[in-house]
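# sharing a sequence plus its predicted fold:
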Protein chains: 2
Amino acid sequence: MNAVSAPCPAAKPASRREARRHSRRETILDVAAQWFLEHGYDGTTMSAIATALGGSKGTLWNYFPSKDVLFAAVIDQVTTAFREQLLLILNPHDETETALYRFCGELLRKTSSPEAVALYRLVIGEANRFPEVGRIFYERAPLQTRILLAEYLSTAMERGRLRRDDPFRAARELIGLCMCNSHSERLMGLRAAECEDTVAADAEQATRVFLRAYAI
Amino acid sequence: MNAVSAPCPAAKPASRREARRHSRRETILDVAAQWFLEHGYDGTTMSAIATALGGSKGTLWNYFPSKDVLFAAVIDQVTTAFREQLLLILNPHDETETALYRFCGELLRKTSSPEAVALYRLVIGEANRFPEVGRIFYERAPLQTRILLAEYLSTAMERGRLRRDDPFRAARELIGLCMCNSHSERLMGLRAAECEDTVAADAEQATRVFLRAYAI
DNA sequence: TGATTGCCGTACCGTATAGTACGATTTTCT
DNA sequence: AGAAAATCGTACTATACGGTACGGCAATCA
């Protein structure tokens, strides 16, 4: 068992310096993330980040040896945060329709937030220059979501609630039915935020079509 | 009626100079398109384009007054070309299943080509800096495809081949079922080109699920 | 053929930016 | 308290890039 509320692995004795250094690093990552997400890689300058930090450039380079490295660290942190924020509810005690409907709603709300859209844009836009970035993001967020849903669908198929089929493929299809509504339009900047009514309607429609195709 | 094979509106008398100028402009657009698609906006320099042209920078600025304007012109040209290349077959005399299957296959082949992927990336990555670009691309390519499919579906519904429902929404769903298979993975750089077998399998699966959901 | 127009090559300007250097100052460790 | 580490502010280097200027050469036009 780990000690309770030990956020840091290997539990460094947390000398004052170490703690300060750690929190400073987090602050830098937060500020940098804001800039990268809002202005893209080239639109973000190290000087701007340093200024926004209220610190000097020397300090910035003390923590990250180059812009590339800082960017990679930001993507790492942001995708982790995104995955954690994307933990989705799939209550096995709910009616299948209800469970899926709620899942779709959550998925839509979270992937249509301005931050999520900015992250998608950044990852896709820099996929050429930083091939790692695409993989990291994909494996942390969309793939995890799909696995989670596939497990649920698998159980539902075994219990006779859904027609038996490849659950991993079915998961992809339900997610596709959700996202097809507006995700790419949003990525291209054609839609602002989504209102709750639209989300509910889209989630309901996706669930309905999916259930028709996978009825027993 | 327009004159036959008059590619240029207002049919300039095509003095030698005018013709030369026109073709030069096309060449510039082609070269610039290659660079922008492969390296992105910031990764492309005007000097590089000029060198690739075999010409000088002065000439480049003679045709386009700034990098922004050149980029906009490139997007305009490339999206137009993409739309034309995306004209899809929907033969009303085929069996519904066959028509849709062929449509899906074509759609997949065309949207998964390296050039198409590069274009999607460019548009999405620069959606912040060039808000126009997203709209232009969307209205020319994805929206046209969707309208085309919706018209076909509408007819099929009227003829009793498919369950009556909103054809425009149904079109979005079929396209979503196609694209969900691999499009976003490709945008993030996780897949290379697609082999024909995969395309066929994906098209078949999308058609099957769609038809189950929209059976009469 | 003579005037015009466009193109090439190259040098140049101004600016922006990643990254460095360094001395002064503050914070932390022992 | 005194040593060590981190931070700050600022000035600086090197480079890259968008865009301009200009003199000479080739194609085009009338």
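Done, it's in. Numbering: from 1, shown residues only, chains lettered A, B, ... in the order given.
# count residues in the vicinity of the residue of chain A found nearest DNA strand D, would you?
Of all residues in chain A, A:G55 sits closest to DNA strand D, at 2.7 Å by CB to the nearest atom of the strand. For glycine as for every other residue, the C-beta is placed from the backbone atoms N, C-alpha and C. By other CB atoms under 10 Å in any protein chain shown, 17 other residues sit near A:G55.
# what separation do you get for it and B:E185?
Counting by CB to CB, to the nearest Å, the gap from A:G55 to B:E185 is 39 Å.
# tell me the buried residues in the one helix or strand A:A32 maps to?
Applying DSSP states H and E as the criterion places A:A32 in helix A:16-39. Residues of helix A:16-39 classed as buried by neighbour count (16 or more other CB atoms under 10 Å in any protein chain shown): A:28-29, A:31-37, A:39.
# filter the residues you listed by proximity to chain B?
Counting by CB under 8 Å from any CB of the partner chain, A:H39 from those sit close to chain B.
# next, the angle from the next helix or strand after the helix holding A:A32 to helix A:16-39.
Moving toward the C-terminus from helix A:16-39, the next helix or strand (DSSP H and E) is helix A:46-53. With axes from the mean of the first three to the mean of the last three CA atoms, to 10 degrees as the basis, helix A:46-53 and helix A:16-39 are set at 120 degrees to each other.
# hmm, helix A:46-53 in reach of DNA strand C?
Yes. Under the criterion of CB under 7 Å from any atom of the strand, DNA strand C is reached by helix A:46-53 at A:46-47.
# can you tell me if stretch A:140-147 touches chain B.
Yes. Contact of stretch A:140-147 with chain B (CB under 8 Å from any CB) involves A:P142.
# buried residues in that stretch?
A:140-142, A:145-146.
# alpha carbons of that stretch, as PDB, please.
Below are the C-alpha coordinates for stretch A:140-147, written out as PDB (Å, rounded to 0.1, in the frame of the first residue of the first chain):
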ATOM      1  CA  ARG A 140      -3.900   8.200 -23.900                       C
ATOM      2  CA  ALA A 141      -7.200   9.600 -24.900                       C
ATOM      3  CA  PRO A 142      -9.200   8.300 -27.900                       C
ATOM      4  CA  LEU A 143      -7.900   4.700 -27.600                       C
ATOM      5  CA  GLN A 144      -8.600   4.500 -23.800                       C
ATOM      6  CA  THR A 145     -12.100   5.800 -24.400                       C
ATOM      7  CA  ARG A 146     -12.700   3.200 -27.100                       C
ATOM      8  CA  ILE A 147     -11.300   0.400 -24.900                       C
END
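# do a quick rundown of the strands in chain A.
Applying DSSP state E to chain A gives no strands.
# for the spatially most central residue of it, which non-adjacent residue is spatially closest?
Centre of chain A computed as the mean C-alpha position; nearest residue by CA atoms, centre = their mean is A:F82, 3.2 Å away. Sequence neighbours aside, A:A141 is the residue nearest to A:F82 in space, at 5.4 Å (criterion: CB to CB, 6 or more residues apart in numbering or on different chains).
# so what's the closest residue to A:T155 other than its chain neighbours up against?
Nearest non-adjacent residue to A:T155, counting by CB to CB, 6+ apart: A:P92, 6.6 Å away. Contact analysis of A:P92 by CB atoms under 8 Å, 6 or more residues apart in numbering or on different chains lists A:99, A:152, A:155.
# circling back to that earlier point, OK, contacts around the residue nearest to the centre of chain A?
A:F82 neighbours (CB under 8 Å, 6+ apart): A:115-116, A:119, A:140-141.
# could you redo the last one with a cut-off of 10 Å?
A:110-111, A:113, A:115-116, A:119-120, A:137, A:140-141 (CB atoms under 10 Å, 6 or more residues apart in numbering or on different chains).
# dump those residues to JSON lines, plus pLDDT and distance to B:F168.
Shown next, in JSON lines, are the contacts of A:F82 (pLDDT from 0 to 100; distance: CB to CB, whole Å):
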{"residue": "A:K110", "pLDDT": "95", "distance to B:F168": "26"}
{"residue": "A:T111", "pLDDT": "95", "distance to B:F168": "22"}
{"residue": "A:S113", "pLDDT": "94", "distance to B:F168": "26"}
{"residue": "A:E115", "pLDDT": "95", "distance to B:F168": "30"}
{"residue": "A:A116", "pLDDT": "96", "distance to B:F168": "26"}
{"residue": "A:L119", "pLDDT": "98", "distance to B:F168": "29"}
{"residue": "A:Y120", "pLDDT": "97", "distance to B:F168": "25"}
{"residue": "A:F137", "pLDDT": "97", "distance to B:F168": "32"}
{"residue": "A:R140", "pLDDT": "95", "distance to B:F168": "34"}
{"residue": "A:A141", "pLDDT": "94", "distance to B:F168": "30"}
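# max pairwise distance over those residues: which two?
Farthest apart among those by CB to CB are A:S113 and A:R140. That separation is 16.6 Å.
# so, low pLDDT: which residues of chain A?
A:1-14 (pLDDT under 70).
# interface residues of it facing DNA strand C?
Residues of chain A lying near DNA strand C (CB under 7 Å from any atom of the strand): A:15-18, A:20, A:44-47, A:56-58, A:61, A:65-68.
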